Every structure is written in C-alpha cells, then in structure tokens.
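Asker: what's the 3D shape of this:
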Amino acid sequence: MAHPTQLGFQDAASPVMEELLSFHDHALMIVFLISTLVLYIIIAMVSTTLTNKFILDSQEIEIVWTILPAIILILIALPSLRILYLMDEINDPHITIKAVGHQWYWSYEYTDYEDLAFDSYMTSTQDLNPGEFRLLETDHRMVIPQESPIRILVSAEDVLHSWAVPSLGIKMDAVPGRLNQTAFIILRPGVFYGQCSEICGANHSFMPIVIETVPLDAFENWSTLVLEEA
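Answerer: Next up is the predicted model:
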C-alpha cells in the first residue's frame, strides 16, 4: 500500500507491474534527455550567434529535428507495445474470478468452485482491528494462491466502476452488461490494497479492494471453510 509522503510507485507484486516500472524509468530518462537538450539549445540561441539566418534556415538542422523525434517515438513505442501484449496475454489460468461492482461494494464469484461467492464491504472505522487500514480494509478479502495465473472477469451491476490494484499494475473498467477481463500472477504472499478508480457516486471512495495471497494449501483450506459456512 502507499505510505505518507511517498513519491514513487508501490512495490511491484506482479511481473506486469515490474515491466511497467521499468518502462516508466525508461520513458522518464528519455524525457529528461529531451528536456536537457531543448534547454541547452534555448540557452545557446539566446547567448550566442546561433540565431543567425544561416542556422535557422539550415537544411541539416531540419533533417535532424525531423529524424530525431521519430527515433525517440520508436524507442518509446516498442517497449510500450510489448507491455500491452503482455497485459493482454492470458495463458491457462488456474482460477477465474468474477468481480462485480455495486453501489458501493464489490462481490466476487470463484467460477471454478460451486457456490464460492461473497460480497466485500469496507470495514467501518469503529470495527477496525489493530494494524488494519482505514478506508482500505474489507470484511471479506479476495484470497488467491501465490504464483498462480489468475483471470479476473470485471463487470458492474449499476454504474461504471473500475477495479484497480496499483501494486499489481491492474486497472480495469467495470461496465454494466459487459465483461472485461485481465490476468495477473502475484509473486509473493501478502495483502495488496486497491480502490474503485471510477467516480461512481456518493460513496465512491468507500469501496476498497483487498487481495490476500497465500500458499496453495492455505488457499484450499480457506475455500473449504468458506464453502462449509455457505
């Protein structure tokens, strides 16, 4: 989760988020180099004789400032397209979960299990246990096994919502009457927080997302317990 005064991204918990962080650093370095070059040229033109008509009308300069931006765009576009294809790739998921947005909570259906479904409401402040986070904790967490391909089907019952978990690099719109899908793998056990990222009404900020990753045997014990309670 994010921390007070934090300036950077949350720690990556999935391969896709690791790729996104690398691409961010790559693009930021290109932006830094462009800004430095443009600033240098502006200072040089103001303080030297570079502003004479032979420089401003130079064919060589026109060629450079046409080819250079094209090269920069290629350096940004190629890794960007690679990540887009990685995010769309869904290879034989071990578990498929349907996340449905409501005003204002999420419901989850484990489609590979019969009757394994529950609603996830935000835990009110007075019900929080020590160590739990205000406005981020829920009464039922979405529990999944670690290092397992997970497919998420995202939809909504009433208005537009958005299922977003920053540390996983996921932000998928939940549209009424439509199923959107994405996939991810969480590399380590832990608890990961997200929130609805679409302005969906008065209580938009009170429908958090909590994902807990556990070893496979712990997940099987959890699913058996939930089914017995149902």
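Asker: Check the gap between Ser22 and Gln195 for me.
Answerer: In this structure, Ser22 and Gln195 are separated by 25 Å, where distance is defined by C-beta to C-beta, to the nearest Å. Every C-beta, even on glycine, is put in place using the N, C-alpha and C of the backbone.
Asker: And these two? Which one has more around it.
Answerer: In terms of neighbours (other C-beta atoms under 10 Å), Gln195 is the more surrounded of Ser22 and Gln195; the figures are 19 against 13.
Asker: Show the pLDDT at the residue nearest to that one when sequence neighbours are not counted.
Answerer: What sits nearest to Gln195 in space, not counting adjacent residues and going by C-beta to C-beta, 6 or more residues apart in numbering, is Pro208, at 5.1 Å. Each residue has a pLDDT score; the one for Pro208 is 94.
Asker: now Pro208: how far from Tyr121?
Answerer: The span separating Pro208 from Tyr121 equals 9 Å under the rule C-beta to C-beta.
Asker: Next, show the common contact partners of the two.
Answerer: Overlap of the contact sets of Pro208 and Tyr121 (by C-beta atoms under 8 Å, 6 or more residues apart in numbering) consists of Thr138.
Asker: who's more crowded, the two?
Answerer: Set side by side, Pro208 and Tyr121 show unequal neighbour counts under other C-beta under 10 Å, the larger going to Pro208 at 21 against 17.
Asker: tell me the pLDDT at the closest residue to Pro166 other than its chain neighbours?
Answerer: When the adjacent residues along the chain are set aside, Pro166 lies closest to Gln10, with 5.1 Å between them (C-beta to C-beta, 6+ apart). Reading off the confidence values, Gln10 has pLDDT 86.
Asker: May I have the residues that are in contact with Gln10?
Answerer: For Gln10, the contacting residues are 1-2, 166-167, by C-beta under 8 Å, 6+ apart.
Asker: now do Arg178
Answerer: Contacts for Arg178 (C-beta under 8 Å, 6+ apart) come out as Ser155.
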